[in-house]
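Trainee: how would this look folded up:
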Amino acid sequence: MAALEARVARLIRDPATDRLEAEARALSGSLAGSGPALALLGEIARRRGDAAAPELLSRAVERSPGLVAAWHALALARVRGGDREGARSAWQAVLERAPADPVARYQIALTFQEERDHRAAASWYEAHLASHPGDARALRNLGLSRLAAGDATGAVSALDEAMRVDPASTAGWIALGRARVLAGDPDGAIAAWSRARALDPALVEPLERSAAVLATRAALPSAIALLGDAIALDPDKASLRFALAAHRSSLGEHREALAELRRAVALAPSDASGASALLFEAQYDDAPASRDATAAAHRDWAARFADPLPPVARTRRATRDDRLHVGYLSPRFGAGPLASLFLPILERHDRSRVHVTLYSAHAHEGAVASRLRERADRWRDLPPDDDAAARLIAADGLDLLVDLAGHAPGHRLGVLARRPAAIQVTWLDYADTTGMRAIDFLVSDAIQMPPEEWASCRERLVLLPCRFAYLPFGPPVPPETGPERGIRYGSFNRHAKLGHATLDAWRSILEAVPDARLALRAAAYAQPETVAWIRDRWAGRSLPVDRIDFLPWLPLTRALAGYATIDVALDPFPFNGGVTTCDALVHGVPLVALRGDRPIARQSASLLAAAGHPEWIAATPDEYVRRAIRFARTPGLAASRAQRAAAVAASPLCDVEAFARRLERAFEAMVEAGPRGDRVPAPPIEIA
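Mentor: Model (predicted):
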């Protein structure tokens, strides 16, 4: 029998199935039920994909437990049948009989990796490599497992070794690049992806990943160039066009961004986030569609991606509580606009009237995120699956759920589409309608949403005196003192907001005030190549770029200190400032804004009215230019700055206590009014 088992073991490892079949026929008769015969039949069945293979091979190893090849075959048959735990048991049996087996530990690791138990997988790959240190495949998989487990340094170590062993592996270089990014070595990542491309110039992934890294470093022209190369290789890959559109938008090239987004949406018509990106990008367009067309675009998005989704079952609260149970959902519970616009409201909610749950759609760390967690009555990290997230929210028995994102990037409108709360509201980060049936109310104000806009909103409007309240970070910085100089204009808005219409107005201002300078501060100016690209384009539009300072973004307190050098703030349009508008006002810096033709283009007008300075709001671009020029000729701007700052601090714009009370009254009014359902929205609810 030992000789027969040895022969069968060799046959099981033979790729020629016809030889196995011939031997199986030869073993008919008295040996038909023997371990070797069953092992051959089981291996033949495994190769054919026959579901009987695991049973035949199990019987084989019962009769011939020393037949190691049959244990291997049994493990592979179990893997094919989805029984990874059973496969591991079989390979463990192999190791008990042949501790130096060259593949069993690797295969055990592979099953753990397939189950996403990355720590267990890494441990078994390490065990395999202890006896087979030059196995490039195991080294690559070890690196990927460590990467998935969050061990970026360990992943780099394993993948570096893998590439020393097998430098011809494009997959290995791509994986090494991913690990180097997470380990804080973006240049090394790009170098690794360049090696992959050198091996296979037709690869798109290294270009796409390199472009993403360059974009995070604000090297936008280089990122755009790489994406252009990638699109030439794969013009039908939607993700490339979505990324290209995002970078063009960041550079203020909104017509080009819209064109790329339309191509991307056509390539990926089922991508809800991509279609939302098109709605969001349209807010930057200097020549927008009509309000009827904009409303129709939002409703079309909802009809495709939101309205057909069935609601989840909601749970009633187990215990009686007369307080209003309110949930806030956002992907931005961290440093950023919510630190000034939402955190102060959260901290001032009357907890005898309101119980607050925060639903975080994205992980955040830092001081602001910690304060948000501490101030909430309850914090929930939402799972990535919209249906699971909706069920989690529904189980909390909310009275009202407030979406803080609208169609802004990172939104979770798919969660609200499943209606996890009886009353659903959108507010704060998106000025326009969502277009969704499942959202009952939109919180705004009468300036951003005048009567002519009401019909464009599917939600019922709730109008506050101002859509925002703002709490400044510390006292205002005093103006710069020193030798007399020309006036210094400034704008600390995202570069994406600086579209063609804004630049045309700024050119006219700088032409009329020849000793003026313009200071800009944005994340896009972190890279000299991006600044050089912008200077070149703006010079082509006849802007005096030698009088424009492009300053990189800084941590908030240091960035705010820059207002010491700014005499007059210039608001961009049509996409107005928000927090940046408030930052300028609370520092006593006068701000020129244009009241525009859509909600986002009237945001600064609303904030200026709340701050007590409606006289700084222009009705036309020409008036915007004239007001900015007039400020340059107004004596005593710096001397009256402290008084302006004090007046703004005492204005309704900064009265967060009163705003919190109004918002609570608004919530109560919404609950009393009930869900909108399929009714035509009623007239707005006005909260004085």
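
Trainee: Tell me who's in contact with the spatially closest residue to residue 568 that is not a sequence neighbour.
Mentor: Counting by CB to CB, 6 or more residues apart in numbering, residue 631 is the residue found nearest to residue 568 once chain neighbours are left out, at 4.5 Å. Quick note: C-beta positions are derived from backbone N, CA and C, even for glycine. Under the criterion of CB atoms under 8 Å, 6 or more residues apart in numbering, the neighbours of residue 631 are 487, 567-568, 590, 592, 637.

Trainee: what's the answer for residue 666, then?
Mentor: Residue 666 touches 443, 462, 464, 685, 687, counting by CB under 8 Å, 6+ apart.

Trainee: buried sites along the helix or strand hosting residue 257?
Mentor: Per DSSP states H and E, residue 257 falls inside helix 254-267. Neighbour-count burial for helix 254-267, with 16 or more other CB atoms under 10 Å as criterion, is recorded at 254, 256-258, 260-261, 263-265, 267.

Trainee: Report how many residues lie close to the residue nearest to residue 346 when sequence neighbours are not counted.
Mentor: With sequence-adjacent residues excluded and distances taken as CB to CB, 6+ apart, residue 346 is closest to residue 375, at 5.0 Å. Counted with other CB atoms under 10 Å, residues neighbouring residue 375 total 18.

Trainee: Can you tell me how far residue 375 is from residue 339?
Mentor: In this structure, residue 375 and residue 339 are 12 Å apart, going by CB to CB, to the nearest Å.

Trainee: repeat for residue 601
Mentor: Distance from residue 601 to residue 339, by CB to CB: 25 Å.

Trainee: Please list the outside residues in contact with stretch 159-169.
Mentor: 134-136, 139-140, 143, 172-173, 175-176, 179, 192, 195, 199.

Trainee: Same question for stretch 61-77.
Mentor: Counting by CB under 8 Å, 6+ apart, 1, 5, 8-9, 12-13, 33-36, 38-39, 42-43, 45-46, 53-54, 57-58, 60, 86-88, 90-91, 93-94, 97-98, 101, 103-104, 107 sit against stretch 61-77.

Trainee: Show me how far that stretch is from its chain's centre.
Mentor: 49 Å (CA atoms, centre = their mean, to the nearest Å).

Trainee: can you pull the buried residues of it?
Mentor: 61, 63-64, 67-77.

Trainee: any chance of these in a markdown table, plus pLDDT?
Mentor: As requested, the buried residues of stretch 61-77 are exported to a markdown table (pLDDT from 0 to 100):
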| residue | pLDDT |
| --- | --- |
| 61 | 92 |
| 63 | 92 |
| 64 | 90 |
| 67 | 90 |
| 68 | 92 |
| 69 | 90 |
| 70 | 90 |
| 71 | 93 |
| 72 | 91 |
| 73 | 92 |
| 74 | 94 |
| 75 | 94 |
| 76 | 94 |
| 77 | 94 |
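
Trainee: Let me have those in JSON lines, extended by distance to residue 624.
Mentor: Converted to JSON lines, the buried residues of stretch 61-77 look like this (distance: CB to CB, whole Å):
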{"residue": "61", "distance to residue 624": "84"}
{"residue": "63", "distance to residue 624": "91"}
{"residue": "64", "distance to residue 624": "89"}
{"residue": "67", "distance to residue 624": "86"}
{"residue": "68", "distance to residue 624": "83"}
{"residue": "69", "distance to residue 624": "82"}
{"residue": "70", "distance to residue 624": "83"}
{"residue": "71", "distance to residue 624": "80"}
{"residue": "72", "distance to residue 624": "77"}
{"residue": "73", "distance to residue 624": "79"}
{"residue": "74", "distance to residue 624": "78"}
{"residue": "75", "distance to residue 624": "74"}
{"residue": "76", "distance to residue 624": "73"}
{"residue": "77", "distance to residue 624": "75"}
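
Trainee: now, among those, which is nearest to residue 545?
Mentor: residue 76 (66.6 Å; CB to CB).

Trainee: what about that closest one, distance to residue 45?
Mentor: 12 Å.

Trainee: Residue 37 now?
Mentor: 13 Å.

Trainee: Quick check: phi and psi on the residue nearest the centre of the chain?
Mentor: Centrality entry for the chain: nearest residue to the mean C-alpha point is residue 410, 4.5 Å, by CA atoms, centre = their mean. Backbone torsions for residue 410, taken as degrees, to the nearest 10, come to phi 80, psi 0.

Trainee: cool, residue 387 as well?
Mentor: Torsion angles, degrees, to the nearest 10, at residue 387: phi -70, psi -40.

Trainee: Next up, the contacts around the spatially closest residue to it that is not a sequence neighbour.
Mentor: In space, and not counting its chain neighbours, residue 387 is closest to residue 418: 6.6 Å by CB to CB, 6+ apart. Counting by CB under 8 Å, 6+ apart, residue 418 makes contact with 309-312, 386-387, 390, 438.

Trainee: what do you get if the cut-off is 10 Å, keeping everything else the same?
Mentor: The neighbours of residue 418, taking CB atoms under 10 Å, 6 or more residues apart in numbering as the test, are 306, 309-312, 386-387, 389-391, 393-394, 438.

Trainee: One more: residue 417?
Mentor: Applying CB under 10 Å, 6+ apart to residue 417 gives the contacts 272, 302, 305-311, 386, 390, 424, 434, 436-439.

Trainee: so how far is residue 389 from it?
Mentor: Per CB to CB, residue 417 is found 11 Å from residue 389.

Trainee: in the top helix by length along the chain, what counts as buried?
Mentor: Counting residues, the longest helix in the chain under DSSP state H turns out to be helix 656-673. Within helix 656-673, the residues scored as buried using 16+ other CB under 10 Å are 656, 659-668, 670.

Trainee: so where is this protein shaky, pLDDT-wise?
Mentor: 1, 28-31, 482 (pLDDT under 70).

Trainee: Going along the chain, name the strands of it.
Mentor: 324-330, 354-360, 378-381, 400-403, 423-426, 441-445, 460-464, 488-491, 517-522, 548-552, 568-570, 591-594, 617-618, 685-686 (DSSP state E).

Trainee: how about those strands in TSV, adding distance to residue 277 and mean neighbour count?
Mentor: Listed next are the strands of the chain as TSV, based on distance: least, CB to CB, whole Å; neighbours: other CB atoms under 10 Å:
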stretch	distance to residue 277	mean neighbour count
strand 324-330	18	24
strand 354-360	21	21
strand 378-381	24	15
strand 400-403	17	26
strand 423-426	17	26
strand 441-445	20	25
strand 460-464	25	24
strand 488-491	24	23
strand 517-522	20	21
strand 548-552	26	17
strand 568-570	27	28
strand 591-594	25	27
strand 617-618	30	22
strand 685-686	31	16
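
Trainee: picking up where we left off before, buried ones among the contacts of residue 418?
Mentor: Judged by 16+ other CB under 10 Å, buried ones among the contacts of residue 418: 306, 309, 312, 386, 389-391, 393-394, 438.

Trainee: ok, so of those residues, who is nearest residue 645?
Mentor: Nearest member of those to residue 645, counting by CB to CB, is residue 393, at 41.2 Å.

Trainee: wait, isn't the closest one in contact with residue 421?
Mentor: Yes. At 6.6 Å, residue 393 and residue 421 qualify as touching, with contact defined as CB atoms under 10 Å.

Trainee: how near is the closest residue to residue 469 other than its chain neighbours to residue 344?
Mentor: Distances taken as CB to CB, 6+ apart place residue 659 nearest to residue 469, at 3.4 Å, with adjacent residues excluded. Applying CB to CB, the value for residue 659 to residue 344 is 8 Å.

Trainee: for residue 262, same thing?
Mentor: For residue 262, the distance to residue 344 - CB to CB - is 39 Å.

Trainee: How about residue 212?
Mentor: Residue 212 is 34 Å from residue 344, by CB to CB.
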